[in-house]
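Trainee: Quick one, structure for this:
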Amino acid sequence: MMYTLIKNGVLIDGLGDEPKQHTSVLVKDKTIEKIGQEVDFHIPENTTVIDATGQYILPGLIDTHVHMALELKNVQDMILTPFSYRFYESIHYLKRTLAIGITSVRDAGFADVGMKMAIEDGLIEGPRMQVSINPLTITGGHGDSWNRSGVDTTLQTYPGMPDAICDGKEEVRKTVRKMLQAGAEVIKVHATGGVSSPTDHPEFTQFSREELEVMVEEATFRKGIKVMAHAQGTEGIKNAIRAGIHSIEHGIYLDDEAIELMLENETFLVPTLLAPVSVLEYSKQNNRMAPYAVEKSKEVIAAHKESIARAYKAGVKIAMGTDAGVMAHGTNLRELGLMCDIGMSPMEAIVASTKTAAECLGWEEQTGTIEQGKLADIILTKVNPLQNIQALDNKEAITMVMKEGKRYKG
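Mentor: So this is what the prediction gives:
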């Protein structure tokens, strides 16, 4: 048995409670053994001691919407880069994500089971993963990157990454089954158009309500798996909620009825406020960014902020997600500041990134809070996130990262 004592820090446990001063956490192997004052502990011999004096102890953070197998590139680079190259790039994306204190992620597309296994078996370092394999999309919809020039920049399929374009209820049913066969732990669907696709628009509705219900039926009834929906346009959002989909990703054009439906159905909202902002930033650095993505990003930013603000005020469950991959991996924590910009308090942003995010993934019994018996996913930060949450944007602010009792940083 291996013991680690993190002593004398300020505990922010993820439950939303007031910070606890001079608190220590005793870790036994992979789990949290005890929380309290050091003087009340029996410290076993050979315990590794981490002095957290002057620092803040938080649960490992959770990003519920990432793309670990890719990072934003212009069209030319996508065409010219060899297929296998991105697998080696992903090793660095995973390590950067873990280094900023994100110990769990839900991958919203294009990471396969092999990546998850490589982390679990210790071949590479990265956050714990829940994978969706390949997001379902319609012909010509978001996710179908066929261009009118005839050039198709849709990510390639291969064993373990089935083709995801499907039209009609029976094709949808079969495609969900293929994703489950490939090891999907959550099904991802593009229920509307999007910003980064060439032949649609965020307000376009994709898939009928009946097709979405088939996805939920196949996933939930057959394997108890949830469905997450890229949903930006109003009608597509409502179709997804009414079909029983578990979480709405992006939610750019929410109206009052959509918000009420989310409350009635206890649907999670994953804002990804950073995504369109990052597209615009990238376009200023590189003039080869696809013009349609730049224009659509400019169009949606104000509506996006306003929608998420209204959903938050109404009491919709918000889980932190960034769409990392659309922006550089390792910059994810900018999302917390953007969440505060729409009205959330720093503590609410932290809870959305820990407790609520774990609930969204169905992992609340294992992680998301610092409580006895849970996995020892713990980070230390030298800045007070309740006074300056934007300071977490600086990766040097995170001084220690522990996942399942093992230190990966600090």
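
Trainee: OK, contacts around the closest residue to Arg96 other than its chain neighbours?
Mentor: Computed as Cβ to Cβ, 6 or more residues apart in numbering, the closest residue to Arg96 that is not its neighbour in sequence is Gly330, at 3.4 Å. Any C-beta I mention is one placed from the backbone N, CA and C, and that applies to glycine too. The contact partners of Gly330, by Cβ atoms under 8 Å, 6 or more residues apart in numbering, come to 93, 96-97, 99-100, 395.

Trainee: cool, Ile259 as well?
Mentor: 310-311, 314, 316.

Trainee: which residue ranges form the helices in the stretch 1-150 of the chain?
Mentor: Using DSSP state H, counting those that start in this stretch, the helices of the stretch 1-150 of the chain run over 75-80, 85-99, 113-120.

Trainee: Turn those helices into TSV, columns for mean neighbour count and distance to Glu211.
Mentor: Output for these, formatted as TSV (neighbours: other Cβ atoms under 10 Å; distance: least, Cβ to Cβ, whole Å):
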stretch	mean neighbour count	distance to Glu211
helix 75-80	12	29
helix 85-99	18	30
helix 113-120	16	25
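
Trainee: can you count the residues close to Val227?
Mentor: Close neighbours of Val227, defined as other Cβ atoms under 10 Å, add up to 26.

Trainee: which SS class is the residue nearest to Arg96?
Mentor: Here Gly330 is recorded as coil under DSSP: H, G, I helix; E, B strand; the rest coil.

Trainee: how about the residue of the chain positioned farthest from its centre, phi and psi?
Mentor: Distance from the C-alpha centroid of the chain, by Cα atoms, centre = their mean, peaks at Glu45 (38.8 Å). When quoted as degrees, to the nearest 10, the phi and psi of Glu45 stand at phi -60, psi 150.

Trainee: and it, how far is that from Tyr3?
Mentor: Counting by Cβ to Cβ, to the nearest Å, the gap between Glu45 and Tyr3 amounts to 9 Å.

Trainee: pull the longest helix from the chain.
Mentor: helix 291-314 (DSSP state H).

Trainee: neighbouring contacts of that helix?
Mentor: 194-196, 198, 201-202, 232, 250-254, 256, 259-260, 262-263, 269, 271, 273, 276-277, 279-280, 283, 318, 339, 341-344.

Trainee: Tell me which stretches of the stretch 301-410 of the chain form helices.
Mentor: With DSSP H, counting those that start in this stretch as the criterion, the stretch 301-410 of the chain has helices spanning 334-341, 346-352, 355-361.

Trainee: Just name the most buried of the ones you listed.
Mentor: Ranked by mean neighbour count, the helices of the stretch 301-410 of the chain are led by helix 355-361 with a mean of 25 (mean count of other Cβ atoms under 10 Å).

Trainee: just the CA coordinates of that one, formatted as CSV?
Mentor: Taking C-alpha atoms only, helix 355-361 is exported to CSV below (Å, rounded to 0.1, in the frame of the first residue of the first chain):
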residue,chain,number,x,y,z
LYS,A,355,-19.2,17.8,-9.6
THR,A,356,-21.7,18.6,-12.4
ALA,A,357,-19.3,17.5,-15.1
ALA,A,358,-18.9,14.2,-13.3
GLU,A,359,-22.7,13.8,-13.2
CYS,A,360,-22.9,14.5,-16.9
LEU,A,361,-20.5,11.7,-17.6
